[in-house]
Structure formats: C-alpha cells, structure tokens
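Peer 1: Dropping the sequence and predicted coords here.
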Amino acid sequence: MRRPMEIILSTMLAMFFLPSLGFASVAGDVNRANHLYEHGQFDDALDLYQKALAKDDKSPVVKYDLGTDFYKKGDYTKALEYLRQASQEKDLKIKSKAQYNLGNALFKSGVGKEAGDVNGALKTLQDSLGQYEQVIKDDPKDQDAVFNEGVVKKEIERLKRRQQQQQQRQQQNQQRNRSKKNQQRNSQNQHNQQDQENQPKQQKQNQQQGQQNRQRQQNQQEQPSGQAQPQSRQSQAGESPQELDRKQAEDMLEDYRENEEPRKLLNYMSGKIDTRPVLKDW
C-alpha cells in the first residue's frame, strides 16, 4: 500500500509529463503525416493531420500542413480555410509560408471559376495577388513570390480583356434586339397605314371582281360546253440564308500556367523553418 507522500509525488509527476506526452503525440502524428505527404500519400497524411488538429486545434503548424495537404489534393476550398488561419500567425516565417501557399490556392481557385463566373475569378485572382504582394513586402528577395506575382498579373489582365469583350457582346446584342423591335414596330405601322389607304381601292376592286364573276357565270350558262379552266400558280419563295454575326475572337490563353508546388511542410517539434526554394513543376 502506497504512502500518502508517494501518491502525491506520483500525481505531480503525472501532471508534469502529461502535457509532454500530448505534445509528443501531436508531433508524432504531424511528422508521420509529413512523411506520407512527401511520398504522395495525401489521403493517409490527411487523416493524421486531422488527428493532430483534434489534439491541438490552435497550432498554426498543424493548420498550415493540413491546408497544404488539401491544396495538393485539389480541395482548394478546404485549403483556403486552413491556410487563412495559419496566415494570421504572428511568427513571420510561418505567416509568410502560409501566405505564399494561400496565394497558390487562390490562384488555382480563381482559374477554376473562369468558365462560369469571370467576375468571381477576377476577384479571387486579385486576392491571390495580394497574398504574394504581402510576402514580397516582408521579403523583397523572395524570387518565387515575385515570379508568381507576375503570373497572376498576366492572368488578371487576360480576364479583364475577356470581361470587356463579354460586356461589348452584351451591349451589341441589346442594341440588335432594340433595332429589331423598332423595325418590327415600324413595319407594322406602315402595314396598318397601307391598309387604311388601300381600303377604298379594295372595295372598288371587290365590286369589279363581283361584276366579272357574274358576267362569267352568265357566259357559262349561255355556253355550257365551254368549261373554264382555272389557272393555278405556285410560287415558291426561296429563303435566303441568314447571315451569321461574326464572332469576336477570344483571347489566346497564356502559353504557360504555372503549376506551383506549395512550400515545404513544417515539423511540429522543430523550431527551424525549412526555407529551401520551392520546386516549380513546368
């Protein structure tokens, strides 16, 4: 049976080591996840990152690594969520890496919106540009961020030209529709006016036609052997092919669209940040 003092000492030791054990558990999950990530096993790495986050939901390192993994999986919505949180970290090294990867994720997300929402794509790309600009502000020698900034600026310029072309096409379509309605209204007015002018003439023609019909009937009665052969006319109106409006040429896409690799992962226990150059896949 333990003495009271031994119980107190064991309790104090347990309280001392429990946080360290928890720290080691989170660090182990993160480090194993990093290893899986480096070998392209992003789904398995994701499970470990999420376990680590459940144990330490305030760690910017875990959020950064988790957001980076989502980026590699192509889930840019989730990547943006965690990278934005990591980018709020006061530690400049973590913050800068998070902003860089956040710029990448925003770029990919913006490009994906182009087909259905040019305005939304522009807004997202401008947000991406802002992230790179902040990275460059903190470190003007960051050549990777400078390069990406140039790529995003070119994409923004291209989308702005496409946006202007869409607006011009809309204005032209609206103008054509208004012109067509005006022509139809004028044609109807002219037709109504001609009907009013031709009404007395038509009445006179009807009277003359009636007299001719009566005369013809009398002639037929007088000469029953003669049979009038009505003349039939068939008129075929050829349809002129409708001339198609000339389509405006679409802007050529840039010859390159960089598939930027995110910056390196962070180890939970390490106080050093890996600042080796990012690998570009082009």
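Peer 2: That came through fine. This structure is a prediction, so every number in the text was calculated from the model and none was measured.
Peer 1: Flag the shaky bits of this structure, pLDDT-wise.
Peer 2: Under the criterion pLDDT under 70, the flagged ranges of the chain are 1-24, 197-199, 201-202, 221-260, 269-282.
Peer 1: try 50
Peer 2: Within the chain, the ranges that satisfy pLDDT under 50 run 1-21, 226-259, 270-282.
Peer 1: in it, which helix has the most residues?
Peer 2: In the chain, taking DSSP state H as the definition, the longest helix is helix 143-222.
Peer 1: what helices or strands is that one leaning on?
Peer 2: With contacts taken as 3 or more Cβ pairs under 8 Å, 6 or more residues apart in numbering; DSSP states H and E, helix 143-222 sits against helix 92-113, helix 118-138. For every residue, glycine as well, the C-beta is placed using N, CA and C.
Peer 1: got a list of what the closest residue to G112 other than its chain neighbours touches?
Peer 2: The shortest distance from G112 to any residue that is not its chain neighbour, by Cβ to Cβ, 6 or more residues apart in numbering, is 7.3 Å, and that residue is Y76. Residues near Y76 by Cβ atoms under 8 Å, 6 or more residues apart in numbering: 70, 105-106, 108-109, 112.
Peer 1: ok, which pair from these is furthest apart?
Peer 2: Across the contacts of Y76, no pair lies farther apart than F70 and G112, at 14.4 Å, counting by Cβ to Cβ.
Peer 1: the more surrounded of the two?
Peer 2: F70 (22 against 14; other Cβ atoms under 10 Å).
Peer 1: Quick check: that one touching A79?
Peer 2: Yes - counting by Cβ atoms under 8 Å, F70 sits close enough to A79 to count as a contact (3.9 Å).
Peer 1: For the helices and strands packed on helix 143-222, give me CSV that also has distance to Y49.
Peer 2: What follows is these, written out as CSV (distance: least, Cβ to Cβ, whole Å):
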stretch, distance to Y49
helix 92-113, 14
helix 118-138, 22
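Peer 1: Pick the most buried one from those helices.
Peer 2: Most buried of the helices and strands packed on helix 143-222 by mean neighbour count (mean count of other Cβ atoms under 10 Å) is helix 92-113; its value is a mean of 23.
Peer 1: now it against helix 143-222, angle please.
Peer 2: If you take axes from the mean of the first three to the mean of the last three Cα atoms, to 10 degrees, helix 92-113 sits at 10 degrees to helix 143-222.
Peer 1: what residues are up against the most centrally placed residue in the chain?
Peer 2: With distances taken as Cα atoms, centre = their mean, the residue of the chain nearest its centroid is K113 (0.6 Å). In this structure, K113 makes contact with 120-121, 124, judged by Cβ under 8 Å, 6+ apart.
Peer 1: what's the closest of the helices and strands packed on helix 143-222 to Q167?
Peer 2: Checked against Cβ to Cβ, the stretch from these lying closest is helix 118-138, at 10.0 Å.
Peer 1: which other residues reach the closest one?
Peer 2: Residues outside helix 118-138 that contact it (Cβ under 8 Å, 6+ apart): 87, 92, 95-96, 99-100, 102-104, 106-107, 109-114, 142, 145-146, 148-149, 152-153, 155-156, 159-160, 162-163, 166.
Peer 1: could you say which helix or strand contains L266?
Peer 2: When elements are assigned from DSSP states H and E, L266 belongs to no helix and no strand.
Peer 1: Look up how far A45 lies from it.
Peer 2: Between L266 and A45 the distance is 13 Å, computed by Cβ to Cβ, to the nearest Å.
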